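Asks: Model the following, please.
(2 chains)
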Amino acid sequence: MIKQIFKQIWTERRHNSWLLLELAAVTFFLFVMTDFLWVKLKNYTEPKGFDIENTYLLKLKTVAPIAAHYIDPEREGAPSPVEELYAIVERIRLYPDVENLSLSIYAPPYSTGGYWRSLQVDSTQTQGIRCRQVTPSYFDVFRIRTIDGHPLTMEETGYQQVILTKDIAELLYGNVSQAIGSTLTYTENNEDSSRVAAVTGLLKTHELAPYEGACYTPLTTQGLEGFTRHNSITRIDICLRIRPGAARHFEDNFIPDMGDRLKENNLYVSSVVSSAQLRDNIVGKILREDVLPMTWVMLFVLVTVFLGVFGAFWLRTRQRRSDIGIRMAMGAGKSAIRRATILEGLCLMALSLPPAFLVYLNMLAADVLDTYRLPFTFGRTVIALLATLLITSAIIVGGIWQPATRAASVPPVDALRDE
Amino acid sequence: MIKHYFMQALATLRENPLVSFFTILGTALAVAMMMALALVCQVKTAAFPPVSERGRMLYVYMIEGMNEQRAGYRGDGISTRLVNECFYAMETPEAVTAVSASPARRQVSAAGSRRVRECDVRETDAAFWRVFDFRFLHGRPYTDGEFASAVQVAVVSERVAREFFGTTDVTGLTIRADYADYRIVGVAAPVSEVVGEAYGELWIPWSLNADIMGGDFTEGIGGQLQVTILARKGDNLEPIREEARRRLAAFNAGQKEFKANIWKQPVGSLRRMFYREQDGRMQGVFSGMLSLAALFLFLPVFNLSGILYSQIQKRRPEFGLRKAFGATTGNVMGQIVAENFIVTFAGGLIGLCLSVLFFYVAKDSLLQRTDVSLQLSMVVKPSLFAAALLACLAINLLSAGLPAWRTSRANAAESLSNNL
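Replies: Sure, this is the predicted structure:
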């Protein structure tokens, strides 16, 4: 039966070539599409390693010279920026809704900045790892835990300690338990050795990013002063965790309630942004601007293909009235005719699939598709293949059903009389 | 004749409701796709206050300053010096304005209000108010004199006035932005975020901003401003481009190391939408979605012609008869295309409605802005209907043309014998 169908497809190759071309293009498109959506879905559902509920980021700014009460920073006896920052931070701690507070540089979730350093243990070196300076409370604010789910501890003082993520610890030491207590150096400065104080679980910068190794070092007053000598103090992030249930009124009331207590000389807190908002700026934007349009286009293409398959087979069954009549006269039942028509469509699809799949595989192998967020694995191609197969089969069966039923309902006598 | 075609088209539609449904669906889809694209362009380039004169506007929004080793600055901010020497000095246009390249977030508060939030502050010159026709509810724009002597004045949008003062007539009151006080001189109707060149919630003179006044990376080329030029009514735009190029060349002649480059700018609003700098050149960049959509635009048309072909084949005896009685190939073809146009038109109308609906649902991702408040006048415009009609005509000719041509050429005797 299959052989006969292929023979028929070959005989009508002129008609079929257009349809095949369209099917191949669409199948290829579906491969890329399902793959794209799968990568996004996979990334999105992976545990991200931190908890942003009830957390806020405070943005710091310094006033311009035209502002009221501007103080010339060069004047004699002016407090250092770090002292100003600490004064503000102490007042924020007293705000009743605040549960915990941390200071950091390039560290809050969804922040994309950072500076990269390469770590070294004996002869093993890592690539550039994002280094984040945080105060110890940072891990409590964002509920970042060790791999067994315990809170992380870091000594308040003690410059020479680091906290690594699980992937980096395993890369450098083989396993996590070996890593804790061991020392490492930085490739650019071999003198400066640090002790691994703890290891966190896997972390990512945002939901749609892959897991990324990070190295946390304690942010001390000394470190802050060093940083602000060359950088603006406004690049320090203040992160808050507020008491559960306080979120509803916190965002609107915090700045008005605090008033001038959020300002110390020229430094002040200009806004309070929820982590959910920061998340929306990155993840929401990707969903709105990449994923959603892709889904629209995919829907459009699916309806179109449905239309194409329907049209092609509508025409085809009309043209084949007489040979359907002959086959029915020879004893083929209605369901056999319908099955044969649908099978023909599926065979056409099967023909269009391999070239599209090959192109897709090549694109994966050549990193044209996203292999950064999800590696090129056997499982990934199987998922794309299955999804595409399922969608195209459904579309083809759906599109052919009506023409096939019509073909099968032709009275053999009428069909033969046409002949 | 038209009535006859109409009846015929209606009869064909009735004959097989399912096929008719798919034909109309196919048309509607194709039209909806094209119209959604047209709507994006239309909304982004629509002329309405404060950009009623968009047809006369030219933009300079990217610049590079490179030395011979191709090192230097490339970005969307122009320095004050370059603006002064090249653009403010221009004589051909009616007005030239320089504004901060993007709105800055500043903490805004007012005495007597508990409300504190960051607002989008746009820093402008006084010419800004002559180039863009903001509707003022109260007060006036700030003047050239106020700009030149850096007086702390501001124009606020109606929404900000209501939010911080509870009323719109707030001229003479003081508003605080980043701890600096500004006297409100005017209240303007709010402007949508899609109007990137003028958008803001609060407008203040950039002569107050030391960073903008002093911004000059790469020998006074890079800075923080972008330029909008308003041509005189009825003028050709080419002389303005000419003058801009001439002045830039003069500017570059005085440069020691870094030369400024503005590519093909100043450009009009439609080009501004698609033109981005890429690899050191200005190029039309279409977002991935738009190019994909355009690519798949022809699929429905192609599929429609398959359905139409089978519809038309059925009527071969009829066309054979007409030809036997003296109708030419052209007559028959005209009839098929005309009949089909009626169906296409119906599909087109549905498609148009669909596209408007779709646009409202998906406007965030289509415009790539989240809080765009669409006014009906931005969407429903005569040009949209003209575009839809044009799209229908194109679909009609593309999908019905080939089947009609093949059928109408057939020999009359053969058609009459109905050998399919």
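Asks: For the stretch 151-300 of chain A, give the residue positioned nearest to chain B.
Replies: Closest residue of the stretch 151-300 of chain A to chain B, CB to the nearest CB: A:P293 (3.8 Å). Bear in mind the C-beta positions are built from the backbone N, C-alpha and C, glycine included.
Asks: by contact count, what packs against the host helix or strand of that residue?
Replies: Assigned by DSSP states H and E, A:P293 falls within helix A:292-319. With contacts taken as 3 or more CB pairs under 8 Å, 6 or more residues apart in numbering or on different chains; DSSP states H and E, helix A:292-319 sits against helix A:13-45, helix A:334-365, helix A:378-408, helix B:17-45, helix B:288-296, helix B:298-314, helix B:363-367.
Asks: buried stuff in that helix?
Replies: A:292-298, A:300-318 (16 or more other CB atoms under 10 Å in any protein chain shown).
Asks: Would you confirm that B:Q265 belongs to a helix?
Replies: No - going by DSSP: H, G, I helix; E, B strand; the rest coil, the assignment for B:Q265 is coil, not a helix.
Asks: contacting residues for it?
Replies: B:58-62, B:244, B:282 (CB atoms under 8 Å, 6 or more residues apart in numbering or on different chains).
Asks: Neighbour count, secondary structure and pLDDT for the residues you listed - can I get that in TSV?
Replies: Shown next, in TSV, are these (neighbours: other CB atoms under 10 Å in any protein chain shown; DSSP: H, G, I helix; E, B strand; the rest coil; pLDDT from 0 to 100):
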residue	neighbour count	secondary structure	pLDDT
B:L58	22	strand	93
B:Y59	19	strand	93
B:V60	25	strand	92
B:Y61	22	coil	89
B:M62	22	coil	88
B:A244	23	helix	92
B:M282	17	strand	63
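Asks: so which of those comes closest to B:F48?
Replies: B:Y59 (17.3 Å; CB to CB).
Asks: give me the element the residue lying closest to B:I204 once chain neighbours are set aside is part of.
Replies: Leaving out its chain neighbours, the residue that sits closest to B:I204 by CB to CB, 6 or more residues apart in numbering or on different chains is B:A154, at 4.8 Å. Element membership for B:A154, per DSSP H and E: strand B:153-157.
Asks: Who are the packing partners of that strand?
Replies: strand B:174-177, strand B:180-188, strand B:202-205.
Asks: and among those, the most buried is which?
Replies: strand B:202-205 (a mean of 27; mean count of other CB atoms under 10 Å in any protein chain shown).
Asks: Adjacent strands (with direction) for that one?
Replies: Here strand B:202-205 is paired, per DSSP bridges, with strand B:116-124 (parallel), strand B:153-157 (antiparallel).
Asks: Check these for me and report the most buried one.
Replies: Most buried among those, counting by mean count of other CB under 10 Å: strand B:153-157, with a mean of 25.
Asks: Quick check: buried residues in whatever helix or strand comes next after that one?
Replies: Once the chain leaves strand B:153-157, the next helix or strand it forms, by DSSP H and E, is helix B:158-165. Buried positions in helix B:158-165, judged by neighbour count with 16+ other CB under 10 Å: B:158, B:160-161, B:163-165.
Asks: same thing with stretch B:65-82?
Replies: Per 16+ other CB under 10 Å, stretch B:65-82 contains these buried residues: B:65-66, B:72-75, B:77-82.
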